[in-house]
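# Here's my sequence, what's the structure:
(2 chains)
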There are 2 protein chains.
Amino acid sequence: MHRRAVTDRRRLLAAVVCAISFSTAVASDPLPSWNDGTNKQRIVDFVASVTSKESRWHVPVAERIATFDNDGTLWSEYPIYFPVQFAVDLTSQLVVKHPELRTRQPFQAALENDLKSLTNIDGADLLTLISRTHGDMTVREFRSQVSRWLSVARHPRFDRPYTDLVFQPMLELLDYLRANKFKIYIVSGGDIEFMRVWATRIYGVPPEQIIGSRLKTRLVKRDGKPALLRLPEFEFFNNAEGKPISIRKFIGRRPIAAFGNSDGDLQMLQWATATDGKRLALIVRHTDRKREWSYDRKANIGHLDKALDEAARQKWLVVDMKRDWKVVYPFQSKR
Amino acid sequence: MHRRAVTDRRRLLAAVVCAISFSTAVASDPLPSWNDGTNKQRIVDFVASVTSKESRWHVPVAERIATFDNDGTLWSEYPIYFPVQFAVDLTSQLVVKHPELRTRQPFQAALENDLKSLTNIDGADLLTLISRTHGDMTVREFRSQVSRWLSVARHPRFDRPYTDLVFQPMLELLDYLRANKFKIYIVSGGDIEFMRVWATRIYGVPPEQIIGSRLKTRLVKRDGKPALLRLPEFEFFNNAEGKPISIRKFIGRRPIAAFGNSDGDLQMLQWATATDGKRLALIVRHTDRKREWSYDRKANIGHLDKALDEAARQKWLVVDMKRDWKVVYPFQSKR
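Numbering: from 1, shown residues only, chains lettered A, B, ... in the order given. Here you go, the predicted structure:
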């Protein structure tokens, strides 16, 4: 009887200890939507090695810069890049002022929402579509266009606002890095003012840490006050080679961690890892046809080919969405 | 006797109280190099009114953006703008590679350090001089040129490094604003990479908060690694209308306080004050021939004319260096 009581007490104690450890482990998992495995471990190890004061790879807080691509890295990009869908949806407004564009490409394809043409759109046409639909308005007017679009546009597959299609595991990663005093920058091919309207709220990244493609801008007067007029002309397309150039210009420091998903991010990842010290380059690979999409080398949208080869050579971290992520979107329940 | 002792004790107490109040007042003066008066009071009142939680003009920390011009506002600019002196000093190196420039303007004037010509240089020649001497090298190479220049160049009047010619009262103002959780940006007409080499150290402003004029930049390979090559061609001249444009691009927020000294800052000050709420626009007026220089409406360097008229109309704060500042440079003793 005495012995039984001791054993019971021991079992109870063991159970309590177990429960406490378990709840601590759960509570302290900074990346709950990531499956345990090598990839998750590499992220955690990297953060530990640059933040621990005892580490030989320790990086001072001011130098903990992390740069994230947006389309395909922080949110989805199918059936077409969401910023392009926004430009497509603005076209009906543009042709009211410029009816001659109705029968001209790429505007006709945009008016017909012809996804096949739009997916195969060439670089010059893409820039024309974006600059013409985004330009000829003040920054303030453009921002209200973005807000309006965000409140009415629905993603065709999920019938939800586009901002619902952000990746839950990446949101956790942003939080995890911030908790470790990283300064997060978005370095997107999307328009800088398009991004700033919603990315501040959705990702918690302030406007001064959002870098994107830029239109030429002119200072004008509106109702006697200064205003910034966006011209229908690109100043800078923030993609591929453009990303390291913008990073140097806006940040003036080299990131120690960079996150992308396509060949448009290759140069940014090379730039971040081209110095000594512990560096993290991470590629999100779209492998989950069921929950998201599956594509890489042959894709027109989110083309991932050279960057995948370089990832293999440089041993960059390639995230497999299907294997590594418990959930993709915040609205999907966990498996 | 008893009465005398009480009086003595009272006197002693009064003296102690006085001494304590005095030392507290001195210790708590955030702007010790500023003479007491309306201008100093207006700065302190502005800061109190946007930071006090009870104030109807309270501004959240994230929106406390202050933008500072550099040349003439944070450091001197005579006999010629220091960034131009840097370009002048680089010319002898440039003509080794390009001897044909020796007899061409503005290079010949630069080689002869012909201050009269250089002071009257027109805009196009100025951009040519800067872009040719600053371009055709990587960011890294350019940064070492700046470091080398800073370590050898001496200001002709004071025989000191140029970075000694910063304004002590303005350094205190930077500290004071930072202590009140302002985020300080430098918005200079000087080259962004020239500024970043030393302004981080001298002003304590991190590189990502330094905005300046930019050269076109290209991503290249050097020894198998990516490098950023600055081309001998302007991308953006960050002056006058350029300042609000850059502020929107880099910061994405409107400053609530802006500091300048010339017509090149007029648009920035107008931009900062064109909204409702308490705003501070401050102009440093060079009135002290003895300790610094005295100039404004007719000057070629630091031309202050339209902005002075606008300051009168808008009741901006015009700092009179001679009257408002106890010291100008950190190395000068107080009057």
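# Show the backbone phi and psi for A:Val318.
phi -110, psi 110 (degrees, to the nearest 10).
# what's near enough to touch it?
A:39, A:282-283, A:285, A:308, A:311 (CB atoms under 8 Å, 6 or more residues apart in numbering or on different chains). In short, each C-beta sits where N, CA and C put it, glycine included.
# same question, A:Leu150
Counting by CB under 8 Å, 6+ apart, the residues that A:Leu150 touches are A:161-163, A:197-198.
# can you check A:Leu171 too?
A:Leu171 makes contacts with A:203, A:330, as judged by CB under 8 Å, 6+ apart.
# repeat that for 10 Å
Applying CB atoms under 10 Å, 6 or more residues apart in numbering or on different chains to A:Leu171 gives the contacts A:33, A:74-75, A:202-204, A:330.
# Of all pairs in the contacts of A:Val318, which one is the farthest apart?
Across the contacts of A:Val318, the longest distance by CB to CB is 15.1 Å; it joins A:Asn39 and A:Leu308.
# Dump the contacts of A:Leu150 to a markdown table, plus distance to B:Ala258, secondary structure and neighbour count.
Below are those laid out as a markdown table (distance: CB to CB, whole Å; DSSP: H, G, I helix; E, B strand; the rest coil; neighbours: other CB atoms under 10 Å in any protein chain shown):
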| residue | distance to B:Ala258 | secondary structure | neighbour count |
| --- | --- | --- | --- |
| A:Pro161 | 37 | coil | 15 |
| A:Tyr162 | 36 | helix | 20 |
| A:Thr163 | 33 | helix | 17 |
| A:Val197 | 24 | helix | 20 |
| A:Trp198 | 28 | helix | 17 |
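# Could I get the full set of strands for the stretch 1-150 of chain A?
Using DSSP state E, counting those that start in this stretch, the strands of the stretch 1-150 of chain A run over A:65-68, A:137-138.
# Identify whichever of the ones you listed lies nearest to chain B.
Closest to chain B of those is strand A:65-68 (CB to the nearest CB; 8.4 Å).
# quick one: the helices in chain A?
Taking DSSP state H to define them, one finds helices in chain A at A:2-28, A:38-51, A:82-97, A:107-111, A:115-119, A:123-134, A:139-152, A:168-179, A:192-203, A:242-246, A:266-273, A:306-314, A:321-324.
# ok so, going back, which of the contacts of A:Leu150 sit farthest apart?
A:Pro161 and A:Val197 (12.9 Å).
# tell me, what's touching those two both at once?
A:149-150.
# follow-up on the earlier one: most packed of the strands of the stretch 1-150 of chain A?
Most buried of the strands of the stretch 1-150 of chain A by mean neighbour count (mean count of other CB atoms under 10 Å in any protein chain shown) is strand A:65-68; its value is a mean of 25.
# Tell me the strands beside it, with direction?
Using DSSP bridges, the strands paired with strand A:65-68 are strand A:183-191 (parallel), strand A:257-260 (parallel).
# Throw those into CSV and include mean pLDDT, mean neighbour count and distance to B:Asn120, thanks.
Putting those into CSV (pLDDT from 0 to 100; neighbours: other CB atoms under 10 Å in any protein chain shown; distance: least, CB to CB, whole Å) gives the following:
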stretch, mean pLDDT, mean neighbour count, distance to B:Asn120
strand A:183-191, 98, 24, 42
strand A:257-260, 98, 29, 47
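# Smallest distance to chain B belongs to which residue of the stretch 101-250 of chain A?
Going by CB to the nearest CB, chain B is nearest to A:Pro207 of the stretch 101-250 of chain A, at 2.9 Å.
# pLDDT wise, what is that residue at?
On pLDDT, A:Pro207 comes in at 98.
# That one is in contact with B:Lys183, isn't it?
No - counting by CB atoms under 10 Å, A:Pro207 stays clear of B:Lys183, with 11.8 Å between them.
# overlap in contacts of those two?
Contacts common to A:Pro207 and B:Lys183, judged by CB under 10 Å, 6+ apart, are B:62, B:251, B:253.
# export the residues you listed to TSV and tack on neighbour count, distance to chain A and pLDDT?
Putting these into TSV (neighbours: other CB atoms under 10 Å in any protein chain shown; distance: CB to the nearest CB, whole Å; pLDDT from 0 to 100) gives the following:
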residue	neighbour count	distance to chain A	pLDDT
B:Ala62	13	6	98
B:Ile251	20	5	98
B:Arg253	18	6	98
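# Pick the one among the residues you listed closest to B:Gln105.
B:Ile251 (37.1 Å).
# Was I right to think A:Ser147 contacts A:Thr163?
No - look at A:Ser147 against A:Thr163 with CB under 10 Å: they stay out of range, at 11.3 Å.
# For those two, list the residues in contact with both.
With CB under 10 Å, 6+ apart as the test, A:Ser147 and A:Thr163 both reach A:Trp198.
# Can you give me the pLDDT of A:Phe237?
pLDDT recorded at A:Phe237 is 97.
# That one touches A:Ser188, doesn't it?
No - judged on CB under 10 Å, A:Phe237 makes no contact with A:Ser188 at a distance of 11.2 Å.
# residues shared between the contacts of these two?
By CB under 10 Å, 6+ apart, the residues touching both A:Phe237 and A:Ser188 are A:212-213, A:264.
# Can you say which of the residues you listed are buried?
Neighbour-count burial (16 or more other CB atoms under 10 Å in any protein chain shown) applied to those gives A:212-213, A:264.
# Include distance to A:Lys243 when you put the residues you listed into JSON lines, please.
Supplementary listing: those in JSON lines, determined by distance: CB to CB, whole Å:
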{"residue": "A:Gly212", "distance to A:Lys243": "10"}
{"residue": "A:Ser213", "distance to A:Lys243": "11"}
{"residue": "A:Gly264", "distance to A:Lys243": "8"}
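# coming back round to it: I'd like to know which of the helices of chain A has the weakest mean confidence.
helix A:2-28 (a mean of 53).
# ok, the shared contacts of A:Pro207 and B:Lys183 vs A:Arg218, which is closest?
Checking the shared contacts of A:Pro207 and B:Lys183 against A:Arg218 by CB to CB gives B:Ile251 as the nearest, at 18.1 Å.
# State the phi and psi torsions of that closest one.
phi -100, psi -40.
# excluding its backbone neighbours, what's nearest it?
A:Glu208 (4.8 Å; CB to CB, 6 or more residues apart in numbering or on different chains).
# Same check on A:Trp293?
A:Tyr78 (4.6 Å).
# Check A:Val61 too.
A:Lys181 (4.7 Å).
# thought the one you found was touching A:His58?
No - the criterion here is CB under 10 Å, and A:Lys181 misses it with A:His58 at 12.0 Å.
# overlap in contacts of these two?
A:Thr51.
# dump the residue contacts of A:Arg230.
Here A:Arg230 is in contact with A:131, A:134-139, A:141-142, A:191, A:193, A:214-218, B:248 (criterion: CB under 10 Å, 6+ apart).
# rewinding a little: could you check how far the residue nearest to A:Val61 is from A:Val44?
Plainly put, A:Lys181 is 16 Å away from A:Val44 if you go by CB to CB, to the nearest Å.
# for A:Asp265, same thing?
22 Å.
# When these two are compared, which one has more neighbours?
A:Asp265 (31 against 15; other CB atoms under 10 Å in any protein chain shown).
# these two touch, right, that one and A:Asp69?
Yes - assessed by CB under 10 Å, A:Asp265 is found in contact with A:Asp69 at 4.8 Å.
# Residues that sit against both of those two, list them.
Taking CB under 10 Å, 6+ apart as the contact rule, A:Asp265 and A:Asp69 both touch A:187, A:189, A:239, A:243, A:258-259, A:283-284.
# could the strands of the stretch 1-150 of chain A be laid out in CSV, adding mean pLDDT?
Below are the strands of the stretch 1-150 of chain A laid out as CSV (pLDDT from 0 to 100):
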stretch, mean pLDDT
strand A:65-68, 98
strand A:137-138, 98
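# Make JSON lines from those strands and add distance to B:Gln168 to it.
As requested, the strands of the stretch 1-150 of chain A are arranged in JSON lines below (distance: least, CB to CB, whole Å):
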{"stretch": "strand A:65-68", "distance to B:Gln168": "32"}
{"stretch": "strand A:137-138", "distance to B:Gln168": "40"}
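# Before I go, just wanted to say thanks for your time.
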